[in-house]
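Asker: Need coordinates for the following:
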Amino acid sequence: NETVLHMKGYNREDVIGHYGLDFLPEKDHARAIEDMGALFDGKIEHTPFMEYLLLGKDGNEIPCEASASLLRDGRGNIVGLISVERDLRDRKKAEQQLRDSEEKYRNLVNSLADVILEFGMDGICTFCSPQIFNMLGYEEDEVIGWHVLDSVHPEDKDVVVERMGEAYSSDQTLTQEFRLRHKDGHYIVVSSRGGVVKGDDAIRKYVGSVRDVTESRQVVDRLRTSEEQYRMLVETSPYGIQENDISGVITFSNRAHHEILGYEDGELIGKYIWDLLSGDDRKEELKAYFATLVSEQPLPNPYFTKNRTKNGRAIDVQVDWNYRYDARGQLVGFVSIITDITERKRAEEMLKESEDLLKQAEKLAGIGSWQWNLRDNTFSISEGMRLLYGTEVTEFAHIKDLVEPLIHPDDREAVYKAAGVVTAKGSGKT
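Answerer: Alright, predicted model coming up:
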């Protein structure tokens, strides 16, 4: 299809009539032949998604994820295969950027004069940077497994517990001063700054920096780094991601969302969400629906509508959305994932049109068709066959439910015998 051609940089005539291996680097040929052999031998019906390198028209290798399924004719014979390919370049780029960011974070931690500590919700230390030796005389592995209060001065423990409790119950980064015991037994005064890192709405760990109060620099906030990494992943997502406030004004829109609608980066910010719709009737409908969401806050459900691109083209979109709340639980807006489903809608309409034509053809020819699911032994008949038999039922839980009421007693044995031939040989008639 056009997506695959665009991904590889080919024209349709460059591809049709060529072998699939022509578009793989030679080093992947053996693996591809082995995977396809398992399909054509009938050992499996489809392969899971596996990573391959594809050759673009310019000779560059394109990382992709591919899955293949058998293509059978009406008699169940294998006649080919259908392959689904996903371009992994954006994902690979995002993964590499994430690895680079993590490496930068590790290098930053190791280069800071401050000590970085991470504690689980049970108060046990799970990470400690190597600067702990210069500050307290301990090696890293001596500190891992410590409880957060193990080296705190007895007179400061209550204050530390109170302040960390505030951190666990809020989104604030807190700073406090207290005394820590050095390995040789004396205490030093430190300034600690940290907060809670959350994931999937559940508190995961407390991340903080500890420095001698004579130090002048502060550690980079790990939580802010995580937020920046999240923002980077959002910007590299192939799906449109949008945030809007409770008045319907778009406050954030990622690059993919701009590309779907044909806008330059930043042009969607400040627009109302209904400004993107195709047709005034849809705008009024969305305004009424949006007002209900803000006032009643029902459970989120996907929203299907038509958007109009910057150049005036109407496209079908699916909007999967959820509410955004502040730290006090007040509704402040919405976050949405926008998917262009224009091609999917067109395919569904073509399928429905094909099914309608089949029904009309059966009706005109006075014929019918049936399907027998051998996995659960259920039977279904077409509208044409229903009319032929004069029955109101089109679905049958078992072949007997079709044969017994509709087939003449003298002919039932022949029908069952033919059915046995079908299951044994793949085809038959009576």
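Asker: Phi and psi next, for K43.
Answerer: Backbone torsions of K43, given as degrees, to the nearest 10, read phi -70, psi -30.
Asker: swap in the one 4 residues further on?
Answerer: Phi and psi for T47, reported as degrees, to the nearest 10, are phi -100, psi 150.
Asker: which residues does it contact?
Answerer: With CB atoms under 8 Å, 6 or more residues apart in numbering as the criterion, the residues that contact T47 are D35, A38, L39, S67, A68, S69. All C-beta atoms are positioned from the backbone trio N, CA, C, and that covers glycine.
Asker: who wins for most neighbours among those?
Answerer: The most neighbours of any of the contacts of T47, using other CB atoms under 10 Å, belong to A68, which has 24 neighbours.
Asker: Give the bridge partners for that one, please.
Answerer: S83 (DSSP bridges).
Asker: What distance do you get for it to Y19?
Answerer: 14 Å (CB to CB, to the nearest Å).
Asker: Tell me which stretches of the stretch 251-400 of the chain form strands.
Answerer: Counting by DSSP state E, counting those that start in this stretch, the stretch 251-400 of the chain has strands at residues 303-308, 314-325, 331-340, 370-373, 378-381, 395-396.
Asker: Dump those strands to a markdown table, plus mean pLDDT.
Answerer: Output for the strands of the stretch 251-400 of the chain, formatted as a markdown table (pLDDT from 0 to 100):
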| stretch | mean pLDDT |
| --- | --- |
| strand 303-308 | 93 |
| strand 314-325 | 94 |
| strand 331-340 | 95 |
| strand 370-373 | 80 |
| strand 378-381 | 83 |
| strand 395-396 | 86 |
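Asker: Switch those over to TSV; also include mean neighbour count and distance to R412.
Answerer: Formatted as TSV, the entries for these read as follows, by neighbours: other CB atoms under 10 Å; distance: least, CB to CB, whole Å:
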stretch	mean neighbour count	distance to R412
strand 303-308	17	48
strand 314-325	16	49
strand 331-340	19	51
strand 370-373	12	16
strand 378-381	18	14
strand 395-396	15	15
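Asker: Look up the closest residue to L81, ignoring the ones flanking it.
Answerer: On the basis of CB to CB, 6 or more residues apart in numbering, the spatially nearest residue to L81 that is not a chain neighbour turns out to be A68, at 4.8 Å.
Asker: looking at the protein, which helix or strand does the model trust least?
Answerer: Taking mean pLDDT, DSSP states H and E as the measure, helix 222-235 is the helix or strand of the chain with the lowest mean score, a mean of 70.
Asker: after that helix, next one along is what?
Answerer: Beyond helix 222-235 on the C-terminal side, the first helix or strand identified by DSSP states H and E is strand 240-245.
Asker: What pairs with that following strand, parallel or antiparallel?
Answerer: Taking DSSP bridges as the criterion, strand 240-245 forms sheet pairs with strand 250-253 (antiparallel), strand 331-340 (antiparallel).
Asker: Could you list the buried residues of it?
Answerer: Within strand 240-245, the residues scored as buried using 16 or more other CB atoms under 10 Å are G240, I241, Q242, E243, N244.
Asker: For I116, grab the count of nearby residues.
Answerer: Using other CB under 10 Å, I116 has 23 neighbouring residues.
Asker: oh sorry, the question was meant for E348
Answerer: For E348, the count of nearby residues is 12 (other CB under 10 Å).
Asker: Check what pLDDT it gets.
Answerer: For E348, the model assigns a pLDDT of 83.
Asker: G262 now?
Answerer: On pLDDT, G262 comes in at 95.
Asker: and the gap between it and G312?
Answerer: Per CB to CB, G262 is found 9 Å from G312.
Asker: before we move on, back to that, same list, the buried residues of strand 240-245, but as a markdown table with pLDDT and distance to E13 please.
Answerer: Supplementary listing: the buried residues of strand 240-245 in a markdown table, determined by pLDDT from 0 to 100; distance: CB to CB, whole Å:
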| residue | pLDDT | distance to E13 |
| --- | --- | --- |
| G240 | 93 | 33 |
| I241 | 93 | 37 |
| Q242 | 94 | 39 |
| E243 | 95 | 44 |
| N244 | 96 | 45 |
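Asker: wait, which of these is closest to V161?
Answerer: If you rank these by distance to V161 using CB to CB, E243 comes first, at 36.8 Å.
Asker: Now do stretch 339-352: everything it contacts.
Answerer: Counting contacts by CB under 8 Å, 6+ apart, the residues touching stretch 339-352 from outside are Y239, G240, I260, F304, I315, D316, V317, Q318, D320.
Asker: The third one reaches G240, doesn't it?
Answerer: Yes - taking contact to mean CB atoms under 8 Å, the distance of 5.0 Å between I260 and G240 places them in contact.
Asker: hey, what's in contact with both of these two?
Answerer: If you check I260 and G240 against CB under 8 Å, 6+ apart, the residues they both contact are V317, I338, D340.
Asker: bridging residues for the first one?
Answerer: When bridges are assigned using DSSP bridges, the partners listed for V317 are T305, D340.
Asker: give the contact list for it.
Answerer: V317 makes contacts with G240, I260, F304, T305, K306, N307, I338, T339, D340, I341, T342, as judged by CB under 8 Å, 6+ apart.
Asker: again, only using 7 Å
Answerer: Contact analysis of V317 by CB atoms under 7 Å, 6 or more residues apart in numbering lists T305, N307, I338, T339, D340, I341.
Asker: want to throw the residues you listed into JSON lines with distance to D100?
Answerer: Below are the contacts of V317 laid out as JSON lines (distance: CB to CB, whole Å):
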{"residue": "T305", "distance to D100": "39"}
{"residue": "N307", "distance to D100": "35"}
{"residue": "I338", "distance to D100": "29"}
{"residue": "T339", "distance to D100": "29"}
{"residue": "D340", "distance to D100": "30"}
{"residue": "I341", "distance to D100": "34"}
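Asker: Closest to I250 out of these?
Answerer: With CB to CB as the yardstick, the closest approach to I250 among those comes from I338, at 11.1 Å.
Asker: Among the contacts of stretch 339-352, which one sits closest to G165?
Answerer: Taking CB to CB as the measure, G165 lies nearest D320 of the contacts of stretch 339-352, at 36.5 Å.
Asker: roughly how far apart are the residue nearest to the closest one when sequence neighbours are not counted and Y303?
Answerer: Using CB to CB, 6+ apart and skipping the chain neighbours, the partner closest in space to D320 is I337 (4.6 Å). In this view, I337 and Y303 are 11 Å apart by CB to CB.
Asker: pLDDT weak spots in the stretch 1-150 of the chain?
Answerer: Counting by pLDDT under 70, the stretch 1-150 of the chain shows low-confidence ranges at 105, 107-112.
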